[in-house]
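Visitor: With the input below, show me the fold.
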Amino acid sequence: MKSWNGLFLVSILLLAGCREPNAPLPASTLPAGSGPGGVKSAAEVEPPVAQDQAGPGVMEGIDVAKASDQSYCNIESVGSSAFVAGPLAVAPAQKVHGWLGHSTPAPVGSPVLVLLGEHGAAAEIALQLSMVRDDVVNAYGGRAELRESGFEAALPDVPAGTYKLLLHYIVDGKTYRCDNGRQVTFDK
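Guide: Down below sits the predicted model:
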C-alpha cells in the first residue's frame, strides 16, 4: 500500500511541473531582463518552439506546412512592457518588438504579424526583418543568417478584445506559423 501511495505522490509532483510548451514562462521563473526596458535577450528566452503542424492555418487561405523544421521566434514586448503570463494590455500604434528566423539557413520570406481574435484574423502587419540582433546570433551558435532577424511594428487599431499574436512566413515555398503564446488585450 505504501508503494502505491508513494507512486501516486510522485506522479502528482511530476504533473505539477508540466506546462503547455508554447505558454510563456511564469514571471517568477524568468531571468532578469538584459535588454532595454527589461526586454529579454535571445539567450534568456525559451528554446525555439516547433511551428504548428496541425494542418490548415488559422487564416483562411493559408495552408501551414507540415514539416519537422523549427521556427525560431520571439515576440518580446509591446512598448517597454515585456510579455509574461497572460495577455498584455496594449493600445493602437504601440510598437511590437521581436525577432524571427528558421531552423534552416534559407531566407525567411514574407514575414507577417497576425492578430487573431476569437472570430478569426483581425489584422495582418507586414514585417521588415532588418534590426540587428547579435544576441540572437550568439544564442544560436553563431548563425549569421539570424543577425538581421529583428523587427518592430506598430499595432493596428482593432476592436476591443483579446488577440493572439502569431508570426507567419515562407521558407522554400512553404508557409510556417510561429506561435510562442503571446496575447494582447485592447481596451476601448
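Visitor: residues in contact with stretch 110-130?
Guide: 58-60, 75, 96, 99-100, 108, 148-151, 153-156, 158-159, 161-170, 184 (Cβ atoms under 8 Å, 6 or more residues apart in numbering). All C-beta atoms are positioned from the backbone trio N, CA, C, and that covers glycine.
Visitor: Tell me where this structure is predicted with low confidence.
Guide: 1-70 (pLDDT under 70).
Visitor: biggest strand in the chain by residues?
Guide: strand 161-171 (DSSP state E).
Visitor: ok, of the contacts of stretch 110-130, which come out buried?
Guide: Neighbour-count burial (16 or more other Cβ atoms under 10 Å) is assigned, among those, to 58-59, 75, 96, 99-100, 108, 148-151, 153, 155, 161-170, 184.
Visitor: Touching, Phe186 and Ala93? I think so.
Guide: No: applying Cβ atoms under 8 Å, one finds Phe186 not in contact with Ala93, separated by 11.3 Å.
Visitor: okay, these two: which has more neighbours?
Guide: Using other Cβ atoms under 10 Å as the criterion, Phe186 and Ala93 rank with Phe186 on top: 22 against 10.
Visitor: ok, now how distant is that one from Ser130?
Guide: Distance of Phe186 to Ser130, computed by Cβ to Cβ, to the nearest Å: 27 Å.
Visitor: Could you do Ser71 as well?
Guide: For Ser71, the distance to Ser130 - Cβ to Cβ - is 19 Å.
Visitor: Could you do Leu166 as well?
Guide: Taking Cβ to Cβ, one finds Leu166 at 20 Å from Ser130.
Visitor: Check which helices and strands the strand or helix carrying Tyr72 is in contact with.
Guide: Here Tyr72, judged by DSSP states H and E, is contained in strand 71-78. Under the contact criterion of 3 or more Cβ pairs under 8 Å, 6 or more residues apart in numbering; DSSP states H and E, strand 71-78 touches strand 95-102, strand 161-171, strand 174-178.
Visitor: May I have it exported as CSV, CA atoms only?
Guide: The C-alpha coordinates for strand 71-78 follow below in CSV (Å, rounded to 0.1, in the frame of the first residue of the first chain):
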residue,chain,number,x,y,z
SER,A,71,10.7,28.2,-36.2
TYR,A,72,12.9,30.5,-34.2
CYS,A,73,10.9,33.4,-32.9
ASN,A,74,10.2,35.6,-30.0
ILE,A,75,7.6,38.4,-29.8
GLU,A,76,9.4,40.1,-26.9
SER,A,77,7.5,43.2,-26.0
VAL,A,78,5.0,45.9,-26.7
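Visitor: picking up where we left off before, out of Ser71 and Ser130, which sits in the busier spot?
Guide: Ser71 (23 against 10).
Visitor: what's the closest non-adjacent residue to the more buried one?
Guide: Leaving aside its sequence neighbours, Ser71 sits nearest to Cys178 (Cβ to Cβ, 6 or more residues apart in numbering; 3.6 Å).
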